[in-house]
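S.K.: Sequence plus the predicted model coming up.
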Amino acid sequence: VIRPDLGTVAFEALMDAENQGFIGLSLLPVFPTAKQSGQYPIIPLEAILKTKDTTRAARSRYNRDDYNFEMGNYACKDRGHEEPLDDTERDMYAALFDAEEVAVKRAVNRVLRAQEMRIAAMLFNSSNLTVGNVSTEWSTAATATPYDDILAAKEAMRGIGGLLPSKIGMSWKVFNNLLKTKELKDALRYTSPIEMGGFVAQKRAVAQYFGVSEVLVAAGVKDTSGKGKATVISDLWDDEYVILAATGIESMDLREPCLGRTFLWTEDSPEMTVVESYREEQSRSEIYRVRHNVDEAFVFKGAGYLLGNITA
């Protein structure tokens, strides 16, 4: 049974994903599609940068683009997670909290965490995006030069595809190392000291410092040990990279130069997170399922650039 009442809970959790440290969908925005699989246009570099004569002679037509787009393929996959709620547990905790909402939130977290891992592996990857290493790691607070590093990365990205980044993404560890650098602290000392204000204010100040619309901080973590083993916590996003990305403005135009999209097959999952429930009598439980049918894909790799050697 589709549960629109609990779908509201899932939607709220999705909208709060960035505050939970999930930045993947901010870098690869959702693109709804009526087909489970298909082709989409990949922008060739010459279609963006080649110059054209715009002069029109009398009784002639204007010059037009005649470039053919390269084609990429997407294939959405059904992904989801189920949380069982035993009748005994429901009765036991009824006076303390809404067990249904808690079960759905847990399932949403599992689905978003899995997607975040896929996007992180896709973007923080030297096989997919160009990498330029910094000379001094940002973890070396006294002598790191993050401002010059970002400027150099912008120039390199501009030289590859003619685009400038709108967003910069990094792990929680890298962001905190950045806040400690002497260069950043000195630059903001007399205007908006980086030690003042909360997390949101710090991200805003760093975005202004780097000249981008938004700084994304990936605070999500994972336990890399197996079930029943001692917990081993690590970041979902590698602390060796920082990504610069042009994410585009109009998500419904695949010909717009942007890094990539998250294709969502709307016939099967009309929302980014669909919530369903069903009865399982043999375990005397109600099962809560959160799922989506998605695929993450590049649109224009020239819209992304990686800074490497970020952490010692």
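M.R.: Okay, I see it.

S.K.: Okay, now the unreliable bits of this protein?
M.R.: 45-51, 66-68, 93-97, 250-251 (pLDDT under 70).

S.K.: Repeat the analysis, applying 80 as the threshold.
M.R.: 15, 19, 43-53, 64-69, 91-97, 192, 195-197, 225-227, 249-256 (pLDDT under 80).

S.K.: before we move on, which element is residue 276 in?
M.R.: Secondary structure from DSSP states H and E places residue 276 in strand 274-280.

S.K.: Just the residues contacting that strand, thanks.
M.R.: 1-4, 6-7, 9-10, 84, 104, 107, 285-292 (C-beta atoms under 8 Å, 6 or more residues apart in numbering). Quick note: C-beta positions are derived from backbone N, CA and C, even for glycine.

S.K.: Now with 7 Å, please.
M.R.: Contact with strand 274-280 is made by 1-3, 6-7, 10, 104, 286-292, as judged by C-beta atoms under 7 Å, 6 or more residues apart in numbering.

S.K.: Who are the contact partners of the closest residue to residue 192 other than its chain neighbours?
M.R.: Spatial nearest neighbour of residue 192, chain neighbours left out: residue 205 (5.1 Å); criterion: C-beta to C-beta, 6 or more residues apart in numbering. Residue 205 sits next to 188, 192, 194 when contact means C-beta under 7 Å, 6+ apart.

S.K.: By residue count, which strand of this protein is the longest?
M.R.: strand 285-298 (DSSP state E).

S.K.: which other helices and strands contact it?
M.R.: Strand 285-298 sits against strand 70-75, strand 77-86, helix 99-123, strand 260-265, strand 274-280, with contacts defined as 3 or more C-beta pairs under 7 Å, 6 or more residues apart in numbering; DSSP states H and E.

S.K.: Can you name the element that comes right after that strand?
M.R.: strand 304-308.

S.K.: Tell me which strands that following strand pairs with, and in which orientation.
M.R.: strand 131-133 (parallel), strand 242-245 (antiparallel) (DSSP bridges).

S.K.: how near is residue 222 to residue 191?
M.R.: 37 Å (C-beta to C-beta, to the nearest Å).

S.K.: For the two, indicate the residue with more neighbours.
M.R.: Higher neighbour count among residue 222 and residue 191: residue 222, with 15 against 9, using other C-beta atoms under 10 Å.

S.K.: Specify the local secondary structure of that one.
M.R.: Three-state call for residue 222 (DSSP: H, G, I helix; E, B strand; the rest coil): strand.

S.K.: residues touching it, list them.
M.R.: Residues in contact with residue 222 (C-beta under 7 Å, 6+ apart) are 113, 117, 234, 236.

S.K.: and the longest strand of the chain, how far out from the chain's middle?
M.R.: Relative to the chain's own centre, strand 285-298 is displaced by 17 Å; criterion: C-alpha atoms, centre = their mean, to the nearest Å.

S.K.: ditto for stretch 229-248
M.R.: 10 Å.

S.K.: where along the stretch 151-300 of the chain do the helices fall?
M.R.: Residue ranges of the helices in the stretch 151-300 of the chain, as given by DSSP state H, counting those that start in this stretch, are 172-180, 182-188, 199-210.

S.K.: between the contacts of strand 274-280, which is closest to residue 152?
M.R.: Proximity of these to residue 152 was ranked by C-beta to C-beta; the top entry is residue 292 with 38.0 Å.

S.K.: count of neighbours near the closest one?
M.R.: Residue 292 has 25 nearby residues by other C-beta under 10 Å.

S.K.: again, but for the one 10 residues further on
M.R.: Around residue 302 there are 23 other residues, counting by other C-beta under 10 Å.

S.K.: So residue 31 is in contact with residue 260, correct?
M.R.: No. Counting by C-beta atoms under 7 Å, residue 31 does not reach residue 260; the two are 9.3 Å apart.

S.K.: neighbour count winner among those two?
M.R.: residue 260 (25 against 21).

S.K.: separation between that one and residue 254?
M.R.: 10 Å.

S.K.: what's the answer for residue 101, then?
M.R.: Per C-beta to C-beta, residue 101 is found 36 Å from residue 254.

S.K.: Comparing the two, which shows the higher neighbour count?
M.R.: Counted by other C-beta under 10 Å, residue 101 and residue 254 do not tie: residue 254 has more neighbours, with 20 against 17.

S.K.: That one contacts residue 299, doesn't it?
M.R.: Yes. Between residue 254 and residue 299 there is a contact under C-beta under 7 Å: 6.4 Å.

S.K.: Can you give me the buried ones in stretch 244-253?
M.R.: 244, 245, 246, 247, 248 (16 or more other C-beta atoms under 10 Å).

S.K.: Looking at those, which is nearest residue 153?
M.R.: Once C-beta to C-beta is applied, the member of the buried residues of stretch 244-253 that ends up nearest residue 153 is residue 244, at 5.3 Å.
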